[in-house]
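>>> need a structure here:
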Amino acid sequence: MTTPARTSRSDTTTKGASPVWSAPAGQIVGRRDGQVLRAGGIRYARAARFAPPVAQTPVERIDATGPSPACPQPRVEFLEEVLGLTPGELPFDEDCLRLSVTVPADLAVGETLPVMVMIHGGSYVSGAGDLEIYDPEVLVVEQRVIVVRVTYRLGLLGYLGDGATRPANLGLLDQIEALRWVRTNIAAFGGDPDEITLFGQSAGGDAIAHLMIAEGAEGLFRRAIIQSPPIGVMPGRSAMTDAMMRIAQSLTDETDIDDVLAAQPTVEPSIARHGMSAGMPFGVQYGHHPLPAERDLDAAWSEAAQRVDVLIGSTDREASLFIAKALGGRPLSPWVAPLRGSFVAPLGGAFVRRVGQALTDRIYGRGILDFAERHHRAGGRGQRYLITWGVPGNPYAGAHTIELPLLQGKLATWLDADLVAGVDPDDFERSGRTLRRIFANFARTGDVGVICEPGLIEVRELPVR
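Model prediction:
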């Protein structure tokens, strides 16, 4: 793929003036915000309900002074508590195929920076790119990178189709259109279109792993930081997905969006019938555009290995995110439904720890190891990491999502989050700076070497066993 032509940088010579970027997409008008410039809510594509995205055509002027709306989604009260989210923080809108760009305000004339594109997580059913907890200001200023945050379709709107009456993988197709927009337009912001790194956690990490092998995504990014992808529960889902699709067939493009959201829990399958995969029922579908058939996955990832550098890893106690609430009677996921009830207490903490480690290995660890090993065997360059950080005494220490506060770096936005309750601000700053440096260095070079930071992270070269 050829490199897009360089386009003019923002006109920000007057202090306090709104920045304007001249890009192929149009004149993008953003806003100043302290040490960064922001361009938010930029439409990269449009899509009718249950239809593939269509790239947004260039326009004369783009008002990019506000955030991207979130895809309509049911509330997940558990995540609101754990992550400190504010209900209704962002408006819901099916016209959510938007992205936001954050740039250092002091970008020098002629300076070109690496680009980090964030794909948010949330089990493919919740979240949004422009949530305040994902504010990249500290990462951008401290590490001198440009960060793009992508919002895409979720749940029934984005990840359930039979490939015939309704396309599958719409959320993944949204992400590909977003990456095309970035590749074409990021030079206008001072970004290097040949130095694009994707990073994302949980479902975001899983999406990135699949973008590596998605038709149409070739050449759109050079590196991938794949954080805690639930790779262990992705294969063998076709029967479950077919059953979900049969239930969802009555929902059409005319169904009121509130009725669509109300129907989503009724579509989700039982873990008793469909096993661990039912813990995250929505997700990518193999054998439907733009993904290969499940039998061809190894070959596809092996072929992609020499095109994409990979940093992949997990936390050491992933499942503690789910178990802590399961013991209180409100689990986030059916993965831990068997732990509910009074029988847990007599069995003691040792039993809970063993179950937690088994779930961590089953859902994340083994799949991540296999992915890393295959990448290495195929001649790919990469490393594997393990995050061990957490607040001492906090039940979520080392849990799934624990690295998110450190990467975003603004403690003020995480003060209401159970995830970091009791945190030492100095430790938060010190650990966050180290983690941000590691991730940004990977975006710059594709190789961060061997690292051992006790109580925070270990990074190993491949092979990893």
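
>>> Please count neighbours and contacts with C-alpha atoms only from this point.
Will do.

>>> for the stretch 301-450 of the chain, which spans come out with low pLDDT?
Along the stretch 301-450 of the chain, segments meeting pLDDT under 70 span 324-353, 355.

>>> the helices in it, which residues?
320-326, 344-360, 366-377, 403-408, 425-445 (DSSP state H, counting those that start in this stretch).

>>> So which of those helices is nearest residue 166?
Among the helices of the stretch 301-450 of the chain, helix 366-377 comes nearest to residue 166, with 29.7 Å by Cα to Cα.

>>> Please name every helix or strand in contact with that closest one.
Helices and strands touching helix 366-377, by 3 or more Cα pairs under 8 Å, 6 or more residues apart in numbering; DSSP states H and E, are helix 297-304, strand 309-315, strand 382-387.

>>> For the last one, buried residues please.
When you say that, I think you mean strand 382-387. 382, 383, 384, 385, 386, 387 (16 or more other Cα atoms under 10 Å).

>>> which outside residues touch that strand?
Outside strand 382-387, the residues that touch it by Cα atoms under 8 Å, 6 or more residues apart in numbering are 309-316, 372, 375-376, 398, 403, 446-447, 449, 456-462, 464.

>>> List buried members of those residues by neighbour count.
Buried residues within the contacts of strand 382-387, defined by neighbour count using 16+ other Cα under 10 Å: 309-316, 372, 375-376, 398, 403, 446-447, 456-462.

>>> Could you report the neighbour count for residue 287?
Neighbourhood size, residue 287 [other Cα atoms under 10 Å]: 16.

>>> which SS state does it fall under?
coil (DSSP: H, G, I helix; E, B strand; the rest coil).

>>> quick check: mean pLDDT across stretch 66-73?
Averaging pLDDT along stretch 66-73 gives 98.

>>> Restricting to C-alpha, output stretch 309-329 in CSV.
Extracted C-alpha coordinates of stretch 309-329, given in CSV (Å, rounded to 0.1, in the frame of the first residue of the first chain):
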residue,chain,number,x,y,z
ASP,A,309,4.9,-6.9,15.1
VAL,A,310,3.1,-8.1,18.2
LEU,A,311,3.2,-7.4,21.9
ILE,A,312,0.7,-9.7,23.6
GLY,A,313,-0.1,-10.4,27.2
SER,A,314,-2.4,-10.6,30.2
THR,A,315,-2.6,-9.9,33.9
ASP,A,316,-1.7,-12.5,36.4
ARG,A,317,-5.2,-12.7,38.0
GLU,A,318,-7.5,-12.0,35.2
ALA,A,319,-10.5,-13.8,36.6
SER,A,320,-10.4,-12.0,39.9
LEU,A,321,-12.4,-9.3,38.2
PHE,A,322,-15.3,-11.7,37.8
ILE,A,323,-14.9,-13.7,41.0
ALA,A,324,-14.9,-10.8,43.4
LYS,A,325,-18.4,-9.9,42.4
ALA,A,326,-19.5,-13.5,42.1
LEU,A,327,-18.9,-14.0,45.8
GLY,A,328,-21.1,-11.0,46.4
GLY,A,329,-23.9,-12.5,44.3
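
>>> need the next SSE after whichever strand in the chain runs longest, C-terminal direction.
For the chain, the strand with the greatest residue count under DSSP state E is strand 191-201. Downstream of strand 191-201, the next assigned helix or strand under DSSP states H and E is helix 203-211.

>>> And that next one, what does it pack against?
strand 113-119, helix 170-185, strand 191-201, strand 223-227.

>>> For residue 362, which of the helices and strands packed on helix 366-377 is the nearest?
Nearest to residue 362 among those is strand 309-315 (12.4 Å), distances taken as Cα to Cα.

>>> Please name every helix or strand in contact with that closest one.
If you count contacts as 3+ Cα pairs under 8 Å, 6+ apart, strand 309-315 packs onto strand 223-227, helix 366-377, strand 382-387.
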